[in-house]
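Q: Quick one, structure for this:
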Amino acid sequence: MSTDLAKVAKEESIKYFLISFVDLFGVLRAKLVPAAAIGGMQEEGAGFAGFATWLDMTPADPDMLAIPDPNSLIILPWNREIGWLAADLWMSGAEVEQCPRVILKRQIDKFAENGHVMKTGVECEYMLINTSGDDINDSLDSQEKPCYDQSSLLRKYHIVSEICDAMVELGWGPYQNDHEDANGQFEMNWDYSDALTTADRHTFFKFMVKTIAERNGERATFMPKPFVDLTGNGCHAHVSVWNSDGSKNLFLDESEEMGLSELAYKFLGGIIHSAEALCSIFNPNVNSYKRINAARTRSGASWSPNSVTYTGNNRTHMIRIPDAGRFELRLMDGSANPYLMQAGIAAAGLDGIQNNRDPGQRLDNDMYANPELAGDVKKLPLNLLDAIRLTESNEVLRNSLGADNINSYCKLKLQNWNQYCAEVSNWERANTLDC
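A: Below is the predicted model of the structure:
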């Protein structure tokens with residue numbers, strides 16, 4: 001039986017609800033609904049004009065209704081009068097197929113048909129910068145190798161601890177917070193869960209980090225590559241598949257060298273097979289490709305892949321196997337849509353399982369120092385346009401995520417690319433005025 005949100009509002013003294021959804025570009029949209037109206041909204045949904053968001057719609061389309069999922073309810077730790085809800089989009093009595101949350105739920109249903117549950121955890125890197133966005137917000141954070149720096153971490157204790165305290169309160173199981181490889185960069189880890197729960201929490205986490213930073217007079221950014229000489233913001237995903245009740249990790253085989261089962265390697269093979277086509281989803285912005293193809297940063301490494309390879313416990317490859325029963329996909333960046341990211345992983349992994357994809361040979365070389373030792377491996381696209389074209393032509397993603405959804409996504413992303421191309425940069429002026 002579904003949770004009665006009107007009853008919860010009375011019990012928890014909630015005055016307002018944010019009924020939220022994420023569009024194809026990962027922008028969080030919402031309406032603020034008074035508690036007195038939440039009963040009707042739970043049944044009928046909050047109305048939106050789809051064309052006003054990054055969805056492939058027109059002004060002539062009927063109202064789009066965001067129907068909240070009561071299981072996603074999060075009471076804002078910094079303002080307990082407000083409850084946040086993730087919603088699924090409906091139009092004319094049917095779910096909106098291009099709604100990212102709906103796309104992910106379709107993949108989850110496919111796993112359920114085989115008695116499987118995909119579980120994931122995410123590592124969300126972000127930077128604390130000044131409000132103008134042109135520099136980090138800590139002049140003392142200037143080490144060449146600032147990763148794990150205790151002093152810089154504690155100078156931001158008031159922000160980091162408030163975010164972590166909120167995750168503790170929400171029952172997410174946060175277990176570590178650290179200063180990352182770039183100056184002004186931080187990462188906060190919490191327990192893995194089923195893919196939908198992780199995507200909902202990932203969405204809320206980004207909102208929460210930005211809000212708490214702003215409340216403390218700073219700005220948080222998940223932009224892939226905010227500063228040329230600093231390591232970019234990644235969003236690594238740890239992936240495993242379990243049986244239907246979540247009691248057995250089907251990726252685990254303790255007798256195998258790396259602790260992975262045959263099912264895990266097939267899943268891995270699916271990711272390897274479609275990696276280039278997944279790039280426009282995992283790395284969805286023009287700026288993303290300045291992280292993937294970054295030159296040597298101030299710290300000495302970009303910590304980002306540029307080739308399609310997997311390894312053991314080696315951070316220079318696109319996929320690493322840090323422990324038995326799971327793998328870490330290191331391709332995604334901070335701008336990835338939380339729902340499409342999980343849907344892309346699921347679609348490629350399911351294809352790998354169904355078609356017995358072979359991931360090929362594990363490589364153990366240092367891909368930064370000796371990439372030539374990897375041999376003739378596939379390279380990731382160099383820019384967003386190439387990535388869009390690869391996504392558009394990939395039959396695995398078209399069949400799994402829906403051809404219409406892929407067409408809509410690529411159409412809007414191509415508009416995004418064309419807008420970028422219409423701009424003339426300072427670099428172009430500096431290098432071309434006197435040509």
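Q: Check the average confidence over stretch 416-429, would you?
A: If you average the pLDDT over stretch 416-429, you get 96.
Q: So which residues of the stretch 1-150 of the chain form helices?
A: 5-12, 38-44, 100-113, 150-155 (DSSP state H, counting those that start in this stretch).
Q: which strands and helices sit next to the next helix-or-strand element following the last one?
A: From helix 150-155 onward toward the C-terminus, using DSSP states H and E, the following helix or strand is helix 157-170. Using 3 or more CB pairs under 8 Å, 6 or more residues apart in numbering; DSSP states H and E as the contact test, the elements touching helix 157-170 are strand 174-179, strand 185-190, helix 195-215. The way it works is simple: take the backbone N, C-alpha and C, and place the C-beta from them, glycine included.
Q: Quick one, which of these gets closest to residue 36.
A: helix 195-215 (24.1 Å; CB to CB).
Q: Please list the residues outside the next helix or strand after that closest one that contact it.
A: Heading C-terminal from helix 195-215, the first helix or strand you meet, by DSSP H and E, is strand 219-221. If you take CB atoms under 8 Å, 6 or more residues apart in numbering as the criterion, strand 219-221 is touched by 126-131, 133, 137, 209-210, 212-214, 233, 334.
Q: ok, residue 84 - contacts?
A: 17-18, 20, 72-76, 204, 207.
Q: For the residues you listed, give me a markdown table that also has distance to residue 390 and neighbour count.
A: Output for the contacts of residue 84, formatted as a markdown table (distance: CB to CB, whole Å; neighbours: other CB atoms under 10 Å):
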| residue | distance to residue 390 | neighbour count |
| --- | --- | --- |
| 17 | 40 | 27 |
| 18 | 36 | 22 |
| 20 | 31 | 22 |
| 72 | 32 | 21 |
| 73 | 38 | 19 |
| 74 | 36 | 20 |
| 75 | 42 | 17 |
| 76 | 39 | 19 |
| 204 | 31 | 23 |
| 207 | 30 | 17 |
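Q: show me the contacts for residue 418.
A: With CB under 8 Å, 6+ apart, residue 418 has no contacts at all.
Q: If we ignore the residues flanking it in sequence, what's nearest residue 143?
A: By the measure of CB to CB, 6 or more residues apart in numbering, the closest residue to residue 143 outside its immediate chain neighbours is residue 149, 6.0 Å from it.
Q: Check the burial of the one you found by counting its neighbours.
A: By the criterion of other CB atoms under 10 Å, residue 149 has 17 neighbours.
Q: now the helix or strand encompassing residue 281, how far from the centre of its chain.
A: Per DSSP H and E: residue 281 is located in helix 262-282. Taking CA atoms, centre = their mean, to the nearest Å, one finds the center of helix 262-282 at 16 Å from the center of the full chain.
Q: Hmm, residue 223 and residue 335 touching each other?
A: Yes - if you go by CB atoms under 8 Å, residue 335 and residue 223 touch, sitting 6.5 Å apart.
Q: which of these two has more neighbours?
A: Set residue 335 next to residue 223 and count neighbours by other CB under 10 Å: residue 335 wins out with 23 against 20.
Q: Now do the same contact list for that one.
A: Residue 335 makes contact with 26, 222-224, 283-285, 287-288 under the criterion CB under 8 Å, 6+ apart.
Q: quick one: it is in a strand?
A: No - looking at residue 335 with DSSP: H, G, I helix; E, B strand; the rest coil, it is coil, so not inside a strand.
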